[in-house]
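Participant: the sequence and its predicted three-dimensional model are supplied below.
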Amino acid sequence: MNTVTDQMPSGSQKRTTYRLSKDGKWRSFSRVPHLLQYASSGTYFARIKVRGKIIRESLDTDVWSTAQLRLLDFLKAKTGVNQTDGKQKVSFGEAVELYRKRVENDSAMKTRSKGYRFQCVRKIEATWPGLTKKFLGAITEQHCREWATALQTEIASQYFNNVVGTLRLIFAEGIKEQIKRGGAKLDNPASELSRARISQKILKLPERDQFKALVSKIAARSSWGPKAANLVEFLAYGGMRLYTEAQWVTWEDVDWKRKEIIVRGHPETGTKNWEIRRIPIIPDMEELLKRMQAEKQGQTTGKLLEVVECPISLEKACSDIGIPKLRHHDLRHLFATRCIESGVDIPTVSRWLGHKDGGALAMKTYGHLRNEHSQAMAQKVKF
């Protein structure tokens, strides 16, 4: 559909923006939702979706002003609501406030998750100017599609899907409130928006000798370098999430007898999946922990890590040794990859990572191991 601005064929002398259908037969107007015009005759039609069914009827006029008046009568007849009665209608801004309250009062949702949802709300408001002042009934599926098409070119696919999902939830809250007020039951105009396809990330992880060089570079950067290097090794040898798990591990969580680390997560919100889990202390982790113990001269109580993030040091060290940039979370991928390359089955690795899907996500993410390991395994295949 192409956007054009033209003189109205009849009735008004004002220039009005309309949208022409692909077959060139129909005009629709962003300024007046639910109004169509048959291009060849100039006759106006009303169009509305009620309970999932599309209703389109002729308004028997080719006069712009008359069509708008008859459209109001049509909407009232089909929805049982006077569309000019603002008391029964809910604006998108009101729907946003209702959604915010629901999220804030959701005791099952973690603080970080709430913050992310509010971030999605801010993205909607920033990318759709004037939306908060519109009544829900004036927002059409086409409006939503146009907004989504533009947004998809600006942000990552996963974020896009979450923002669109938030939009649907906001509409749902607003529609529910409108029904409560005795207003018209509307269809959610965002319900048909398509999800963006998420392409699988190609993992570019350091080889064994590169990882050792990376740790050495970080350790040599400053007086805090050795502590930052400890963090990098700890994440790589344990596969924990940084902010919700690794930084909350204490020395009391290290079970030397069973050679396991107890992962409890945030003191108030726990791990991502709310469950405490145990991960094995692999030989490299055992060597790291004993070295850290020696550095503290045996006074090992309280939090285990003294540095809880080092993005700049990590990025600079990657650049120095000539490998792709790594994030903290990539060290979790490195742990999983090393485990699978060493022969640990994927369901077990999945449990160590704290996944709750029985290994489906781990299989999707790590099922295709890097070329070096794949080629090595291929040499063992004989007929």
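Facilitator: Okay, I see it. Keep in mind that this is a model prediction, so the values were computed, not measured.
Participant: show me how this protein divides into domains.
Facilitator: The chain breaks down by automatic domain parsing into domains covering 2-80, 92-180, 208-378.
Participant: any chance of JSON lines for those domains, columns mean neighbour count and mean pLDDT?
Facilitator: In short, each C-beta sits where N, CA and C put it, glycine included. JSON lines is the format used below for the domains of the chain (neighbours: other C-beta atoms under 10 Å; pLDDT from 0 to 100):
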{"stretch": "domain 2-80", "mean neighbour count": "15", "mean pLDDT": "77"}
{"stretch": "domain 92-180", "mean neighbour count": "16", "mean pLDDT": "93"}
{"stretch": "domain 208-378", "mean neighbour count": "16", "mean pLDDT": "87"}
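Participant: wait, is T17 part of a strand?
Facilitator: Yes - with DSSP: H, G, I helix; E, B strand; the rest coil as the criterion, T17 is part of a strand.
Participant: what's the lengthiest helix in the chain in contact with?
Facilitator: With DSSP state H setting the assignment, residue counts place helix 157-180 as the longest helix in the chain. Here helix 157-180 makes contact (C-beta atoms under 8 Å, 6 or more residues apart in numbering) with 88-92, 94-96, 98-99, 102, 116-117, 120-121, 123-124, 136, 139, 144, 148, 151-152, 155, 184-186, 188-191, 193, 195-199.
Participant: change it to 7 Å
Facilitator: Outside helix 157-180, the residues that touch it by C-beta atoms under 7 Å, 6 or more residues apart in numbering are 88-90, 92, 94-96, 98-99, 102, 117, 120-121, 123-124, 136, 148, 151-152, 184-186, 188-191, 193, 195-198.
Participant: which of the residues you listed fall in helices?
Facilitator: Using DSSP H, the contacts of helix 157-180 in helices are 92, 94-96, 98-99, 102, 117, 120-121, 123-124, 148, 151-152.
Participant: which residues in this structure form strands?
Facilitator: 2-7, 15-20, 26-28, 35-38, 44-50, 53-58, 254-255, 260-263, 277-280 (DSSP state E).
Participant: contacts for the fourth one, please.
Facilitator: Read it as strand 35-38. Contacts for strand 35-38 (C-beta under 7 Å, 6+ apart): K25, W26, R27, S28, F29, Y44, F45, A46, R47, A67, L71.
Participant: ok so, going back, output the strands of the chain in TSV; the columns should cover distance to D320.
Facilitator: TSV is the format used below for the strands of the chain (distance: least, C-beta to C-beta, whole Å):
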stretch	distance to D320
strand 2-7	51
strand 15-20	55
strand 26-28	58
strand 35-38	63
strand 44-50	59
strand 53-58	62
strand 254-255	32
strand 260-263	30
strand 277-280	30
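Participant: so for L203, which of these sits nearest?
Facilitator: strand 277-280 (20.3 Å; C-beta to C-beta).
Participant: counting contacts, what elements does the closest one pack onto?
Facilitator: Packing partners of strand 277-280 (3 or more C-beta pairs under 7 Å, 6 or more residues apart in numbering; DSSP states H and E): strand 260-263.
Participant: kindly export the strand it packs on (C-alpha atoms) in PDB.
Facilitator: Output in PDB follows, covering the C-alpha atoms of strand 260-263 (Å, rounded to 0.1, in the frame of the first residue of the first chain):
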ATOM      1  CA  GLU A 260      30.600 -28.800  44.000                       C
ATOM      2  CA  ILE A 261      29.700 -25.100  44.000                       C
ATOM      3  CA  ILE A 262      26.200 -24.300  45.300                       C
ATOM      4  CA  VAL A 263      24.600 -21.700  43.100                       C
END
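Participant: for that strand, which strands pair with it and how are they oriented?
Facilitator: Partners of strand 260-263 in the sheet, by DSSP bridges, are strand 254-255 (antiparallel), strand 277-280 (antiparallel).
Participant: looking at the ones you listed, which is closest to V307?
Facilitator: Using C-beta to C-beta, the nearest of those to V307 is strand 254-255, at 17.9 Å.
Participant: chain center to the closest one, what's the gap?
Facilitator: 35 Å (C-alpha atoms, centre = their mean, to the nearest Å).
Participant: what comes into contact with that strand?
Facilitator: I261, I262, L289.
Participant: mind running it again at 10 Å?
Facilitator: E260, I261, I262, R278, I281, M285, E286, L289, Q293, T300, L304 (C-beta atoms under 10 Å, 6 or more residues apart in numbering).
Participant: which of the residues you listed sit farthest apart?
Facilitator: Pairwise distances across the contacts of strand 254-255 (C-beta to C-beta) peak at 19.9 Å, for the pair R278 and Q293.
Participant: contacts only, for I155.
Facilitator: Here I155 is in contact with K123, T127, N161, N162, V163, A196 (C-beta under 10 Å, 6+ apart).
Participant: same check on F135?
Facilitator: 33, 83, 86, 88-95, 174, 178, 183, 186.
Participant: among those residues, which one sits closest to G238?
Facilitator: For the contacts of F135, the minimum distance to G238 (C-beta to C-beta) is 43.1 Å, reached by A95.
Participant: tell me which residues touch that closest one, please.
Facilitator: With C-beta under 10 Å, 6+ apart, A95 has these contacts: 132, 135-136, 167, 169-178.
Participant: how about a cut-off of 7 Å?
Facilitator: L136, I170, F171, E173, G174, E177 are the contacts of A95 under C-beta under 7 Å, 6+ apart.
Participant: leaving out the residues flanking it, which one is nearest to it?
Facilitator: G174 (2.8 Å; C-beta to C-beta, 6 or more residues apart in numbering).
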